[in-house]
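Chemist: sharing a model prediction with you, sequence too.
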Amino acid sequence: MSWFHCYEPRPRAGLRLFCFPHAAGSAAFFRAWHHDLPPAVEVRAVQYPGRADRRADAPIDDAHHIAKLVTDAMAPLLDRPVALFGHSMGALLAYEVARELERRGRGLVHLFASGRHAPHEHRPGQAFLSDADLVEELVRLGGVDAAHLADPVIRELTLPVARNDYRLDQNYTHTPGGTLSCPVTAMLGSGDPEVSPGQAARWGELTSGRFAVRELDGDHFYLVPRRDQVLAHVLRTVSMSWPSTP
């Protein structure tokens, strides 16, 4: 199966925006982005193994390994400028892909890191020993409807993937060095319990390029109700690095 979903291919687009979903999330989280962005931007949403149409593929709990596999898969799609947007766990993976791309001599237009503390800030991971604890955490963050998780079939599909993704975060160790050269924007919701403005600001320590923090009203999943604002900000920001964007 493909690593990327593209619900609206745009072969003449001047920029490809690769989007990395959160823990337990799938490429479908970014479905509306494909249609809401202008023709100059083509969205490629990353589909991690173990979920949706990749249920048969074994989940991976190593961020560095996923980053290398995603970067390999991106190779045929690097025929035009690229930007990366990652939310929560996806921000971590987007960051590691950005590092891998730059190690391979490929520059980026921009990295957007949403809803996550900076990767080099060590924070003890959470281990959810029971299904009930894990469900409570997913509902607390707002990414999953509690009513859906009451369905045994949905629980059976969702919880193993969620455990894998939380394990990925627990296992992650930041490798020093390799400072990014691309511009970076850290984004967060004003009421996000997972990341503070100060923690978001530490992303600036990981790049020699331009850096900014953008805070919008909302919680950990602020980008759902604020999608229009998020996309408008993404477009304005990439326009500063890539003038061809409308």
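Modeler: Everything's here; your move.

Chemist: how many residues are close by the residue nearest to residue 55 when sequence neighbours are not counted?
Modeler: Counting by CB to CB, 6 or more residues apart in numbering, the nearest residue to residue 55 once its immediate chain neighbours are dropped is residue 157, at 7.3 Å. For every residue, glycine as well, the C-beta is placed using N, CA and C. Counted by other CB atoms under 10 Å, the residues lying close to residue 157 total 14.

Chemist: ok, residue 199 next?
Modeler: Look at residue 199: counted by other CB under 10 Å, it has 17 neighbours.

Chemist: avg pLDDT for the helix or strand where it lies?
Modeler: Secondary structure here is read from DSSP states H and E; on that basis residue 199 sits in helix 197-201. Averaging the model's pLDDT scores along helix 197-201 yields 97.

Chemist: what helices or strands is that helix leaning on?
Modeler: In this structure, helix 197-201 packs against strand 184-189, strand 211-216, with contacts taken as 3 or more CB pairs under 8 Å, 6 or more residues apart in numbering; DSSP states H and E.

Chemist: and among those strands, the most buried is which?
Modeler: Among the helices and strands packed on helix 197-201, the stretch with the highest mean neighbour count (mean count of other CB atoms under 10 Å) is strand 184-189, at a mean of 26.

Chemist: contacting residues around that strand?
Modeler: Strand 184-189 is contacted by residues 110-115, 118, 195, 197, 200-201, 203-204, 206-207, 209-223, 226, 230, 233, 237 when judged by CB atoms under 8 Å, 6 or more residues apart in numbering.

Chemist: how close does the residue lying closest to residue 67 once chain neighbours are set aside get to residue 136?
Modeler: Taking CB to CB, 6+ apart as the measure, residue 67 lies nearest to residue 96, with 3.6 Å between them; neighbours along the chain are not counted. Computed as CB to CB, to the nearest Å, the residue 96 to residue 136 distance reads 29 Å.

Chemist: now do residue 78
Modeler: Computed as CB to CB, the residue 78 to residue 136 distance reads 41 Å.

Chemist: where do the strands of this protein begin and end?
Modeler: According to DSSP state E, the chain carries its strands in the segments 4-5, 15-20, 41-46, 82-87, 110-114, 184-189, 211-216.

Chemist: any chance of the ones you listed in TSV, plus distance to residue 173?
Modeler: Formatted as TSV, the entries for the strands of the chain read as follows, by distance: least, CB to CB, whole Å:
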stretch	distance to residue 173
strand 4-5	27
strand 15-20	19
strand 41-46	22
strand 82-87	18
strand 110-114	18
strand 184-189	20
strand 211-216	23
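
Chemist: indicate which one of the ones you listed is closest to residue 148.
Modeler: Go through these one by one with CB to CB and the one that ends up closest to residue 148 is strand 82-87, at 19.2 Å.

Chemist: one step back: rebuild the strands of the chain as CSV, extending it with mean pLDDT and distance to residue 103.
Modeler: Rendered in CSV, the data for these read as follows (pLDDT from 0 to 100; distance: least, CB to CB, whole Å):
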stretch, mean pLDDT, distance to residue 103
strand 4-5, 97, 21
strand 15-20, 98, 17
strand 41-46, 98, 19
strand 82-87, 98, 15
strand 110-114, 98, 14
strand 184-189, 98, 17
strand 211-216, 98, 20
